[in-house]
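1. Here is the input, now give the coordinates:
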Amino acid sequence: MAAEPSRLSAPVFRLREDELPPELILSIERILDLHAKGEPDPLSRLTNDFNPIGVLNDYFPDEAALGQLEAVQSRLAEDERMLQGEIDSLREELRKDQDPSRMQLIQEMISDLLGQMSRIREKATESEAVVRNITKEIQVLDLAKKNLILSMTTLKRLQMLVNALGQLEDQIKERKYHDIVQSLAAVKQIGASFKPYTSVRRISELWRRIQEIQVELRSMIDADWDKFYMQDPAKPIKPSVVTDACLVIDVLGPEIRTQFVERYVALELKEYRRIFRATDEAGQLDNLSRRFAWFRRLLQTHETEQGRVFPADWKVGWFLTAKFIEITRDDMTALLSKAGSKLTVKQLLDTLQETMEFEASITRRFGTSLRELLKATTPSNATRPLKPITSAFEPHMGVYIDAQDKVLSDMLAQYRGPKSRSSLEVTSSTEDDEATPVLVLPSSTELFYFYARTLEQCAKLFTGQPLFDLCNLFKKWLKIYAEEVLVASMKKPSTIGRKSMDARYDVNELKNACTLINTADYCQTTALELEENIRDKCDEAYKEKITLQDERDLFVSAISAAILIMLRELDSACDPALSTLSRTAWATVKHVSGQSAYVEPLVKAIEEVAETVKPLVEQKKYLRNFFDKAANAILAKFTNALVKSRPLMEIGAEQLLIDLQAIKACLLKIPGEALITSNYTKSVTKHTTRLEALLKVIVTPVDPAEGFILNYTLVIGDASFSNFQKILDLKGTPKAEQNDLLDSFLTVTSTKTELESTSFLSSLDMDPGQVSTLTSPGSSRASLLPGSSAGESILAALSSPPLTGAPSSGSDTPPRQDQSGRREVFSDFKRFVSFGLRRETLPP
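-> Below you'll find the model as predicted:
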C-alpha cells in the first residue's frame, strides 16, 4: 500500500537553509555522469526538493510489496557500502593529489618548460639574423636590377621623346596637321611620364620645348584659320587642312578648344552686334523678327560652309546659338526697360510670341530643349547662368496683367455701380413667363470662360511670378463679382411691379433669388477647380501661396443672402392670411366648424412659393436649408398672430388646434419625397407639438381651478408664476378670477418640487408688436429666444428649457438649485408682498 503523503510529508521533509544552487547541481551531475545510463535512480538524483514519499511509493506500490522489505533494506545497505567505498577512494586520491611534494614537482616541471621556450625563442632570433645576413647581397642585387631596368626604360622613353619631338618639329615646318595629331599626342603622352624629373637639366629643356611647340602650334593654327575664314584668294586654305587643325586643337586640350570656339563665335556675331545695336533703328523691339531672320541665315551658312570643318562632338552650333541668345536677351532687357509705360500689351505679346516661336524652332533644329542647350554651353567660370530670351519679358508681364484687368473691368461694367443694369434685370427682361428659366447668370459663365482662356494663355508664356500675379487678379474680380454684382443685385429695388396684390409677393424676386443661388454655387464650385488648375500649372515655389478660399466664402455668403430673400417673399405671401388670424375675435366664436377661413389662402401661398422655387434651385441642399428656415418662420409668425389675437377663449383655442394641424400637414408636404429629411420632420413636429400643448391648456376650463392647474403642470411642466399668468392672459380670464387662480397656482406648485422653473413659455413675448420681415434677422420682437436668427426666431424657444443659468425676461422664477433639491416659489420681495396682500383681501 502506498504511503500517505499527509502522514509522511511533515516529519520527513523540511526546507534546508543550505540548499545547493541549480547551476552547481547540473555541473555535479555532468561530471559524475549520472544520466548516462537511461532512467536515473531517484536516490542518485541531486535536487533541493527531494521527496522521500515518492521513492517509498516506488519501492512499495501496494501492500504485497511490503513482504520484500528485508530485501529492499539489504539492497539499500549494499548501495550505501558501495557509495561509502567510492567516497573513501576519492578521498584517498584527493589526498595524494594535494601532497606538497607532488605540487612542488609540478611547479618544477612548469619552470623547466618555460626555460625551454625561452631557449627556442633565442635560437629563432639567431636563425633570422643568419638568414638576413645570407640574403643581404641578394636584396642589393634585386634593387640594382630594379633600378637598372627603370633607368633603361626611362632612357628608352627619353630617346623616343627626342625622336618624336624632332619628327613633330619637322611636321610643324611642313604644316602637316594630319601627321601632327599623332606625333603631338605621342609627345604629350611620353612627356607626361618625365614630369617628376624636371629638376634634371636635360629633361627640363625638353619640357620647355614641348610647351613652346604647343604655343607655336596654336599661333600657326590661328593664322591658318584667319586665312580660311577671310577666304584670301592669294593664299587659299583647304577645308581639310582646317579640319585636321581642329583635331590638333583637340589634342592641345579642352581649354584651347574652348578659346578657339569662342573666338569663332565672336567673329561670326561681330556683324550682328554692329547691325542690331540697341541705339539704332534696326535694334528696336519692332525689328525683333529681323534679328531672328539674320541669325537663321547665319546658322544656315555655318552649317553649310565654315561649320563643316569642326568636329561634330564640338557642337559649335550650340555655342553660336547660346551666345546669340545671351546678346539678344541683354538687348531685350534694355529695350523693355527703356520702353517703360509706353510699352503696349500688343507690342509685348507680339514680340514675346515671336521670341517663343524662335526658341521653339531652335529646339526642333538641335533636337534638345533650349534649357539643356544653354546648360551644356555655360562656361565653368560663368558668373551667371544663361537664360532664354523670354526671361527678359517676365519682369514686364505686369503690362499684360493690367490689360486683363481692364478687359475684366469693361466686361462687368454694365453690372456694377449705382446706374448699372443688374444681370438679373437682363435675364428677367429677355425671359417670357412660358420660356425656360435662366438657372445660372450668363455673366458668371462668361467670367470663368475668360479666366480659363487667360490662364491657358499665360501658362504657355510663364509659370512663375506672372502666373501668380494673374491668380491675384482673378481673386480681385471674383470678390468684385460676388459683392458688387451678386450681392448688390439683391439690394436693388425691384423694377418690375408685383403681379398679385392679394398674394403681396413677387414671383420674379423668387426666381431671381433662385438664379442667384445657382450662380453663386456655380461660382464657388468652379473657383475650386480654377484654384486646382492654377496650382497644377504654376512653379513649385508658388503652389502653397495659391488659394481662393476667401472668395469661395463670399459666394457662400451670397447664397445665404439669396435664401433670406426667398424667406422675405414667403413672409409677404403669408402675411395677408396671418393678418386675418391676428384680427380674428375668438371671443365671438361660439362653435368649431372645420378649418378657419385664413387657413386655405395661407396653405395655398406656402405651396405656391414652394412649387415656384423647387424646380429652379439645382442643388437640393439649398432647398432643404430654405424649407428648414421657412417652416420655422411660418410657425413663428403663426405664434405672433395667435398672441396678438387674444383672448382666445376655449372655443378659439380648439379652433386653432384644428388650424394648426392643417398648417402642420402643409409644412410636412411641401418639401416632397425627394427633399424631406428626418430632421425636418422632427423639427416641424417638435414645434407644432409645443404649440398644441399651449392651446390644449387654453382649451381646459378654469373650473375647477385645481383641475386646470393640474392640467397645466402636466402639459407645460413648470412652476413659473409668469408663465401661468401668460396662459390666463391668452385664455382671456378676467383679472378678478386671475388673482384667485394665481393664489391657487402658488399653493399647488409650492408642494411640487419636481416641477421645473422654466419652460418654452418663458420666452414667449406677450406684446409682439409689428412683425418685421425676414430681411433683418433677429429684429422681430416675437422671438422666443433673444438673439436667435430669423429662421428660428420664435419657435426656437419651444425647445427644452435650460436647467441652469439665468432665466429669460419672461420668467419670474429662478432656476432650480440642484444641490439642495429645493425650488423657490417667490423670486423677489415685491411678488411676495403682492401675494400676501391678495390673501388678506380675500372674502371669508
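2. What about residue 413, how many residues nearby?
-> For residue 413, the neighbour count with other CB atoms under 10 Å is 10. In short, each C-beta sits where N, CA and C put it, glycine included.
3. hmm, I was thinking of residue 370
-> 21.
4. The one 5 residues further on now?
-> Under the neighbour criterion other CB under 10 Å, residue 375 is assigned a count of 12.
5. any idea which helix or strand carries it?
-> Per DSSP states H and E, residue 375 falls inside helix 370-377.
6. Equivalent analysis for residue 74, please.
-> Per DSSP H and E: residue 74 is located in helix 69-97.
7. follow-up on the earlier one: residues contacting the helix holding residue 375, please?
-> For helix 370-377, contacts defined as CB atoms under 8 Å, 6 or more residues apart in numbering pick out 315, 318-319, 321-322, 325, 359, 362-363, 366, 385-388.
8. Grab the CA positions of that helix and hand them over as PDB.
-> Output in PDB follows, covering the C-alpha atoms of helix 370-377 (Å, rounded to 0.1, in the frame of the first residue of the first chain):
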ATOM      1  CA  LEU A 370      16.700  75.100 -75.000                       C
ATOM      2  CA  ARG A 371      17.500  75.000 -71.300                       C
ATOM      3  CA  GLU A 372      19.600  71.900 -71.800                       C
ATOM      4  CA  LEU A 373      21.400  73.600 -74.600                       C
ATOM      5  CA  LEU A 374      22.200  76.600 -72.500                       C
ATOM      6  CA  LYS A 375      23.300  74.500 -69.600                       C
ATOM      7  CA  ALA A 376      25.700  72.500 -71.700                       C
ATOM      8  CA  THR A 377      27.300  75.600 -73.200                       C
END
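9. Filter the contacts of helix 370-377 down to the buried ones.
-> 315, 318, 319, 321, 322, 325, 359, 362, 386, 388 (16 or more other CB atoms under 10 Å).
10. Would you mark the buried spots in the helix or strand that contains the second one?
-> If I follow you right, that is residue 318. Here residue 318 sits within helix 316-339, counting by DSSP H and E. Within helix 316-339, the residues scored as buried using 16+ other CB under 10 Å are 316-329, 331-333, 335-336, 339.
11. got JSON lines for the contacts of helix 370-377, with pLDDT and distance to residue 648 too?
-> Below are the contacts of helix 370-377 laid out as JSON lines (pLDDT from 0 to 100; distance: CB to CB, whole Å):
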{"residue": "315", "pLDDT": "87", "distance to residue 648": "101"}
{"residue": "318", "pLDDT": "90", "distance to residue 648": "98"}
{"residue": "319", "pLDDT": "90", "distance to residue 648": "101"}
{"residue": "321", "pLDDT": "91", "distance to residue 648": "96"}
{"residue": "322", "pLDDT": "91", "distance to residue 648": "95"}
{"residue": "325", "pLDDT": "89", "distance to residue 648": "92"}
{"residue": "359", "pLDDT": "88", "distance to residue 648": "86"}
{"residue": "362", "pLDDT": "89", "distance to residue 648": "91"}
{"residue": "363", "pLDDT": "90", "distance to residue 648": "88"}
{"residue": "366", "pLDDT": "88", "distance to residue 648": "95"}
{"residue": "385", "pLDDT": "75", "distance to residue 648": "88"}
{"residue": "386", "pLDDT": "81", "distance to residue 648": "91"}
{"residue": "387", "pLDDT": "85", "distance to residue 648": "86"}
{"residue": "388", "pLDDT": "87", "distance to residue 648": "86"}
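12. how about the strands in the stretch 301-450 of the chain?
-> Using DSSP state E, counting those that start in this stretch, the stretch 301-450 of the chain contains no strands.
13. mind checking how far residue 630 is from residue 491?
-> 22 Å (CB to CB, to the nearest Å).
14. more neighbours, the two?
-> A side-by-side neighbour count of residue 630 and residue 491, using other CB under 10 Å, places residue 630 first with 26 against 10.
15. Quick check: nearest residue in space to that one, chain neighbours excluded?
-> Closest residue to residue 630 apart from its sequence neighbours, by CB to CB, 6 or more residues apart in numbering: residue 570 at 5.5 Å.
16. Find the helix or strand that that neighbour is a member of.
-> helix 549-583.
17. Quick one: list the elements packing against that helix.
-> Secondary structure elements in contact with helix 549-583, counted by 3 or more CB pairs under 8 Å, 6 or more residues apart in numbering; DSSP states H and E, are helix 465-480, helix 488-491, helix 507-537, helix 599-613, helix 620-644.
18. ok, of these, where does mean pLDDT dip lowest?
-> Within those, the stretch with the lowest mean pLDDT is helix 488-491, showing a mean of 80.
19. how about that one: buried residues?
-> Those buried within helix 488-491 under the rule 16+ other CB under 10 Å are 488, 489, 490.
20. Repeat that for stretch 264-279.
-> 264, 265, 268, 269, 272, 276.
21. Report the rounded mean pLDDT for stretch 59-74.
-> The average of the pLDDT scores along stretch 59-74 is 83.
22. Next, the distance between the ends of that stretch.
-> 13 Å (CA to CA, to the nearest Å).
23. just how off-centre is that stretch within its chain?
-> 88 Å (CA atoms, centre = their mean, to the nearest Å).
24. Stretch 210-224 now?
-> 65 Å.
25. Only C-alpha atoms, please: export it in PDB.
-> What follows is stretch 210-224, C-alpha atoms only, in PDB (Å, rounded to 0.1, in the frame of the first residue of the first chain):
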ATOM      1  CA  ILE A 210      57.200  70.900 -75.600                       C
ATOM      2  CA  GLN A 211      55.400  73.900 -74.200                       C
ATOM      3  CA  GLU A 212      56.900  76.200 -76.800                       C
ATOM      4  CA  ILE A 213      55.900  73.900 -79.600                       C
ATOM      5  CA  GLN A 214      52.200  73.900 -78.300                       C
ATOM      6  CA  VAL A 215      52.200  77.700 -78.300                       C
ATOM      7  CA  GLU A 216      53.700  77.800 -81.700                       C
ATOM      8  CA  LEU A 217      51.100  75.300 -83.000                       C
ATOM      9  CA  ARG A 218      48.300  77.400 -81.500                       C
ATOM     10  CA  SER A 219      49.600  80.600 -83.300                       C
ATOM     11  CA  MET A 220      50.000  78.700 -86.600                       C
ATOM     12  CA  ILE A 221      46.500  77.300 -86.400                       C
ATOM     13  CA  ASP A 222      45.100  80.700 -85.600                       C
ATOM     14  CA  ALA A 223      46.900  82.200 -88.600                       C
ATOM     15  CA  ASP A 224      45.700  79.500 -91.000                       C
END
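26. what does the model give residue 679 for pLDDT?
-> 93.
27. That one: what's its closest spatial neighbour, skipping adjacent residues?
-> residue 628 (7.8 Å).
28. what number of residues lie near the one you found?
-> Count around residue 628 with other CB under 10 Å applied: 18.
29. ok so, going back, Serialize the helices and strands packed on helix 549-583 to CSV and add fields for distance to residue 347.
-> Below are the helices and strands packed on helix 549-583 laid out as CSV (distance: least, CB to CB, whole Å):
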stretch, distance to residue 347
helix 465-480, 17
helix 488-491, 37
helix 507-537, 25
helix 599-613, 52
helix 620-644, 48
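30. Looking at those helices, spot the one closest to residue 579.
-> helix 620-644 (7.4 Å; CB to CB).
31. List the buried residues for the helix or strand following the closest one?
-> Per DSSP H and E, the first helix or strand lying C-terminal to helix 620-644 is helix 649-669. The neighbour-count criterion (16+ other CB under 10 Å) identifies 649-657, 659-660, 662-664, 666-667 as the buried residues of helix 649-669.
32. tell me the contacts of the residue most central in space within the chain?
-> Centre of the chain computed as the mean C-alpha position; nearest residue by CA atoms, centre = their mean is residue 544, 9.6 Å away. Counting by CB under 8 Å, 6+ apart, residue 544 touches no other residue.
33. For residue 534, see how far away it is.
-> Look at residue 544 and residue 534: by CB to CB, they are 12 Å apart.
34. Also residue 374?
-> As judged by CB to CB, residue 374 and residue 534 stand 28 Å apart.
35. Residue 408 too?
-> Residue 408 is 16 Å from residue 534, by CB to CB.
36. Now residue 765: which helix or strand?
-> Residue 765 belongs to no helix or strand, assigned by DSSP H and E.
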